[in-house]
Each structure stands twice: as C-alpha cells, then as structure tokens.
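In: Coordinates for the following, if possible.
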Amino acid sequence: MLRGNHDPFQDGQVKGLFPVYDYLELKVKDDEAENGSQKVICMHYPILSYNGMYKSSINCYGHVHRNTPINAPIRSVNCCVELWNYTPISYKQIKEKVDKNTEINNVETNILTNTGDS
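Out: Prediction:
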C-alpha cells in the first residue's frame, strides 16, 4: 500500500497486516518487455523525474484525482480511483494506458514537426 497525504498511519504498516510505502519500485513479469520484466515506480504524488524514466520505466501515481498534470511524463499513469471507477487496476490496464499516451505523443510530435514541405 502507498501512503497518501491524508493517511494517518506513520509506522510503515497498517495494523500489522501489510507494509506501507512512500515510494516503491516493482519489477513486473512481462514477456514483451526487455529482459522479461517491466520496472514500475509507484508513489502517491506525480513526479516529473523518476528512476528509469528514460529506460522504459512506468510511473504510477495518485493524489491529483481527475486532474492529470499536462506535463506528466509520457510513461506516467494517473491511477486515482476516480479515473478507474473506484476499482483496482491491472498491470495490463496500466500498460495499455502507457501505450496510448505514447501513441498520442507520437502523433502530436509528428504534427508539430511536419512543416508541410514535401
């Protein structure tokens, strides 16, 4: 579990049931990823720079509710419950969102760099 800004627990565990983190790096098994695993960085707050962001890491964050920052890195995913019908999301859903962000960015980049000179 990731600690949020309104969470009262400070001792790193929720009643001894499971650990609580401020920052967490995961390796998720993914046969399509380099070396068969995908690094996922998890933190309550959106951050502009994170470990491995230029090496295909994915950043999952919350805190901002429906207000995804316009300057969020392409491989970042707003995992706030309001955006996901208040249900847990899977790695597959996160990966699909990253792929969509990348596709949109590639289209926008092509539009901005296309001078019309053919």
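
In: what's the neighbour count on residue 50?
Out: 22 (other Cβ atoms under 10 Å). All C-beta spots, glycine's among them, are computed from the backbone N, C-alpha and C.

In: which residues touch it?
Out: By Cβ atoms under 8 Å, 6 or more residues apart in numbering, the residues touching residue 50 are 41, 43, 57, 59, 73, 76.

In: Swap in 7 Å and give it another go.
Out: 41, 57, 59 (Cβ atoms under 7 Å, 6 or more residues apart in numbering).

In: now, which of the residues you listed sits nearest residue 93?
Out: Nearest to residue 93 among these: residue 59, at 15.0 Å, using Cβ to Cβ.

In: Would you agree that closest one is in contact with residue 74?
Out: No - using Cβ atoms under 7 Å, residue 59 is not in contact with residue 74, being 9.9 Å away.

In: neighbour count winner among those two?
Out: Shown here are residue 59 and residue 74; by other Cβ under 10 Å, residue 59 has more neighbours (27 against 14).

In: Show me where the chain has its helices.
Out: 91-113 (DSSP state H).
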